[in-house]
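> 3D, please:
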Amino acid sequence: MKISKLSQPCAACLCTILIPVLLTSTYAWNLPPITNNGKFPRMRRKHVSSSSSSSASPSASSSTSTSPKSTSSLLQQVLPLQLRTSSIGNKLRLQQGARNNNLEVGWPPTISAKRRNRRRRRRRRPAKWHRARRHPPEEATEVYTGGSGTVYQRYFVNFFINVSLTEVYEILASVTVKDVRDFGRFGYSAVVEASESEVDNIRVSNSHSVNFTEQDAYAGANCETHVASSSYRWGLDRIDHPDIVTADDETLSINNNGTGVDVYVLDTGIAKNHMDFDDGSGVNRVISLCYDAWESVANCGGVNDSADDHGHGTHIAGLVGSLTWGVAKRVTLISVKVLDSNNTGTVNDVIGGIDWVKQQYAARGRPAVAIMALNTGIQVTLNNAVTSMYDEGIVPVVAAGNNGGDACFYSPASTPEAIVVGALTSTDTLTSFTNGGNCTGIYAPGEAIGSSYYRSPDLAQFLVMQGSSQAAAFVAGTVAVLIADNVGQNETGGDFVEAIKTALYDLSALGKITGYVPHNRLLQVPRDTC
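Okay, the predicted model is just below:
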């Protein structure tokens, strides 16, 4: 092939173009016409037969020569194009000089249509799609709704700290006010019965006074129940020694029995007449002071005040302080019935119980622990109520929940000031159901746990349950023992609670839980005097 008529620089350029063409002499690129507003359709490679009348090339075994006619024809197609190497593999990009006429061909052929479409789908997905699912609203005046079902036309209207009680009632004059509660550092929280539009109007027209509004929701305890006739006391046995083998001695070694401490059980009630709740001399340690979210206070006065009609509350109270199953065997148990016979209630019922606990705490003048083995979706009002107990000096212990996820997405487990408890198996691993994450501060036994049975006050039977509720009960009993051991006795309010939390966490066994756990703390009771 002669190129003598071309100048030297042009010859070099022509060689650059012809090299890939000559190496594939049995193939030619079939360039289609420009369509779709100047854009090329996808390029396809066409085999050129050796017997074609338009080609003077020899058989396929010879790939080093091409007839002048076929080469000239091909060059007429290739010359107007600029050839440059792409950065993606061996792909070559042919870019025509004409405006907006971009063409990509593969060398070898281009990426498949399926892979290309898959890439396009990923690019089209909105950038904020993941964030929208994972993070709650940040607007202070938004209406939040719980994740466990909402209560029709009942809302919490939460005010800023500088709003007086008189102003609260003036702002809410157009709706029915069921109750107003003082949450201390968070200001007043009112419970109203109104439509969503009425609540929205109040929030918008009083944005300088209303912090946020939130719809009431249903809450419930988390548990699985089985009536059993064999011993399930391994939980007590596990929490008195860091080593799992040494702890397995069928005894509980502990400093004291929690005398002088009140534990408020916000649950389904407590079977007051159960024999396992006496003080060892026949005197009962359960107090029912007529707080019952499900019955009229006028019904109080008998042995069934705030009575348990489900079993969960009695089971929890048994792990806190019963003679057979409990950690603190002389603690005073106070029934606060906020859940019904179906083990469910509303956030308003729970907050009402919290408000009542604060009143009783002030009247009795004794150190106190409040256990809430229940959960619902994120409810800021409920979290604020729990924090208000913390500010008073009541130690809040809550269950992480049994959703198998992150406790930070549930209430009251997402309350930073609370002691949040997850559940463990007998082999020091997380149970399949427990919530965890950064909001869970400590773990305790929570699988196949035996305790007091509300239908068997004579101790003939006991009940086996499992859940983070049971784990929280072990922690609540341990907290009562720490208080009776004079931990934090010189502190008040939130400082007292922080002293208890520090002692509890320092006492725990670190790194004993199998797997990745953000706060790898296994509950241990104080036993230095044993």
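> from here on, contacts and neighbour counts on C-alpha atoms
Noted.
> burial of residue 271, as a residue count?
Close neighbours of residue 271, defined as other CA atoms under 10 Å, add up to 32.
> And residue 272, by the same measure?
Residues near residue 272, counting by other CA under 10 Å, number 26.
> gap between it and residue 333?
With distances taken as CA to CA, to the nearest Å, residue 272 is found 9 Å from residue 333.
> okay, and the common contacts of those two?
Shared contacts of residue 272 and residue 333, defined by CA atoms under 8 Å, 6 or more residues apart in numbering, are found at 286-287.
> Now residue 258: phi and psi?
phi 80, psi 20 (degrees, to the nearest 10).
> Would you mind confirming that it is in contact with residue 333?
No: using CA atoms under 8 Å, residue 258 is not in contact with residue 333; the gap is 10.8 Å.
> So, low pLDDT: which residues of this protein?
Counting by pLDDT under 70, the chain contains low-confidence residues at 1-148, 220-231, 289-305, 529-530.
> correct me, but residue 313 touches residue 264?
No: the criterion here is CA under 8 Å, and residue 313 misses it with residue 264 at 10.8 Å.
> Have a look at those two and say which one is more surrounded.
Of the pair residue 313 and residue 264, residue 313 is the one with more neighbours under other CA under 10 Å, namely 31 against 27.
> Mind listing residues that contact the host helix or strand of that one?
Applying DSSP states H and E as the criterion places residue 313 in helix 312-321. Contact with helix 312-321 is made by 221, 223, 265-271, 276-277, 308, 324-333, 343, 451-454, 463, 469-470, 473-477, as judged by CA under 8 Å, 6+ apart.
> Among the residues you listed, which ones are in strands?
Counting by DSSP state E, the part of the contacts of helix 312-321 found in strands is 265-267, 332-333, 451-452, 463.
> Tell me which two in the residues you listed are the farthest apart.
For the ones in strands among the contacts of helix 312-321, with distances taken as CA to CA, the pair at the greatest spread is 332 and 463 (21.4 Å).
> the helices in the stretch 401-530 of the chain, which residues?
468-484, 493-507 (DSSP state H, counting those that start in this stretch).
> buried stuff in the shortest one?
Meaning helix 493-507. 494-501, 503-505, 507 (16 or more other CA atoms under 10 Å).
> got JSON lines for the helices of the stretch 401-530 of the chain, with distance to residue 520 too?
Formatted as JSON lines, these follow (distance: least, CA to CA, whole Å):
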{"stretch": "helix 468-484", "distance to residue 520": "15"}
{"stretch": "helix 493-507", "distance to residue 520": "10"}
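> Please report how far residue 417 lies from residue 316.
Separation of residue 417 from residue 316 (CA to CA): 22 Å.
> Neighbour count: the two, which is higher?
Per other CA under 10 Å, whichever of residue 417 and residue 316 has more neighbours is residue 316, with 32 against 23.
> Put the alpha carbons of the host helix or strand of residue 360 into PDB.
According to DSSP H and E, residue 360 maps onto helix 347-364. This file holds the C-alpha atoms of helix 347-364, laid out as PDB (Å, rounded to 0.1, in the frame of the first residue of the first chain):
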ATOM      1  CA  VAL A 347     -48.700   6.900  76.200                       C
ATOM      2  CA  ASN A 348     -51.000   9.200  78.100                       C
ATOM      3  CA  ASP A 349     -51.700   6.400  80.600                       C
ATOM      4  CA  VAL A 350     -47.900   5.900  81.100                       C
ATOM      5  CA  ILE A 351     -47.200   9.600  81.500                       C
ATOM      6  CA  GLY A 352     -50.100   9.800  84.000                       C
ATOM      7  CA  GLY A 353     -48.400   7.000  85.900                       C
ATOM      8  CA  ILE A 354     -45.100   8.900  85.800                       C
ATOM      9  CA  ASP A 355     -46.700  12.100  87.100                       C
ATOM     10  CA  TRP A 356     -48.300  10.100  89.900                       C
ATOM     11  CA  VAL A 357     -45.000   8.500  90.800                       C
ATOM     12  CA  LYS A 358     -43.400  11.900  91.200                       C
ATOM     13  CA  GLN A 359     -46.200  13.000  93.600                       C
ATOM     14  CA  GLN A 360     -45.800   9.800  95.700                       C
ATOM     15  CA  TYR A 361     -42.000  10.200  95.700                       C
ATOM     16  CA  ALA A 362     -42.300  13.700  97.100                       C
ATOM     17  CA  ALA A 363     -44.800  12.600  99.700                       C
ATOM     18  CA  ARG A 364     -43.000   9.500 100.900                       C
END
